[in-house]
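Trainee: Attaching a predicted model along with its sequence, questions to come.
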Amino acid sequence: MIAALLLGVCFAQTVHDRYAEKDVAALRQQLATAPAREDSLLVRYRLYALTRERPLIAQLPEDLAEAAPRELALLSAMWAWRIPGSAPWNAIRLGRRSVRLLDRALVAAPADHLIQLIEAQSLIFRPGIAGGDVRQAIARLRALRTQVEDAGCDVSSVEVDYWLWYALAKSGDSAAAAARERLLASRPPPLYVEMLDAEF
């Protein structure tokens, strides 16, 4: 990891690259050596998406007075992941907590691309009665796609392209097929190829 930093590759970028390659072992090693809470949360966010291992989201930080905006957004996503399988009253409580954390993150850093991506994901999966809106997510993702750069610690353009396709497909938009073909033509990492072929 020190060598990667010296070469100008940030922690977040290596986490995403290993996620996209489905390298669970390398991510576990990064989790064990994460230098800060935000880094640890980012690895847990990626690992849970790959493995669905409940211990990764079983104990989440409660003292967030000094939390950075990205920490708030990552925690928002992880609290939301605890909703499936919860009792209805508990799902409501978890959902409200997730939304409050995301709102704090957006107020603190509205231009942060990772926070914008997590907001779009939230709009896709949140029930309409709780503010979910796939069309709004599509608009957010289209705007985000014009901003991201595949350099430094930015969000990967292929990840934005994937979620844009997902939102288009979920909404039944005719543009989904072309978005999928463009993404496949870019020769994305294995995870995205696999997810493009997965059922909703």
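Mentor: Good, I have the coordinates.

Trainee: Strands along this protein, start to end?
Mentor: Counting by DSSP state E, the chain has no strands to list.

Trainee: That one: helices as residue ranges?
Mentor: 2-6, 11-20, 24-33, 37-51, 55-58, 69-81, 88-108, 113-125, 134-145, 157-171, 176-185, 190-196 (DSSP state H).

Trainee: In a markdown table, list those helices along with mean neighbour count.
Mentor: Every residue, glycine included, has its C-beta placed from N, CA and C. Converted to a markdown table, the helices of the chain look like this (neighbours: other Cβ atoms under 10 Å):
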| stretch | mean neighbour count |
| --- | --- |
| helix 2-6 | 9 |
| helix 11-20 | 20 |
| helix 24-33 | 15 |
| helix 37-51 | 19 |
| helix 55-58 | 14 |
| helix 69-81 | 23 |
| helix 88-108 | 16 |
| helix 113-125 | 22 |
| helix 134-145 | 18 |
| helix 157-171 | 21 |
| helix 176-185 | 14 |
| helix 190-196 | 15 |
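
Trainee: TSV for the ones you listed, including mean pLDDT?
Mentor: Compiled in TSV, the helices of the chain are given as follows (pLDDT from 0 to 100):
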stretch	mean pLDDT
helix 2-6	41
helix 11-20	94
helix 24-33	97
helix 37-51	97
helix 55-58	95
helix 69-81	97
helix 88-108	94
helix 113-125	97
helix 134-145	98
helix 157-171	97
helix 176-185	96
helix 190-196	95
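
Trainee: so who does residue 106 touch?
Mentor: The neighbours of residue 106, taking Cβ atoms under 8 Å, 6 or more residues apart in numbering as the test, are 73, 115, 119.

Trainee: show me what contacts the last one?
Mentor: Residues touching residue 119, when contacts are defined by Cβ under 8 Å, 6+ apart, comprise 73, 102, 106, 140.

Trainee: One more pass at 7 Å, please.
Mentor: Residue 119 makes contacts with 102, 106, 140, as judged by Cβ atoms under 7 Å, 6 or more residues apart in numbering.

Trainee: again with residue 196
Mentor: 180, 183, 184.

Trainee: Just the closest of those residues to residue 66, please.
Mentor: The closest of the contacts of residue 196 to residue 66 turns out to be residue 183 (Cβ to Cβ; 38.3 Å).

Trainee: any idea how far residue 196 is from residue 181?
Mentor: Residue 181 sits 10 Å away from residue 196, taking Cβ to Cβ, to the nearest Å as the criterion.

Trainee: Repeat that for residue 162.
Mentor: With Cβ to Cβ as the criterion, residue 162 and residue 196 are 7 Å apart.

Trainee: Spit out the contact partners of the residue lying closest to residue 77 once chain neighbours are set aside.
Mentor: Leaving aside its chain neighbours, residue 77 sits nearest to residue 118 (5.3 Å; criterion: Cβ to Cβ, 6 or more residues apart in numbering). Going by Cβ under 7 Å, 6+ apart, residue 118 touches 73, 76, 77, 102.
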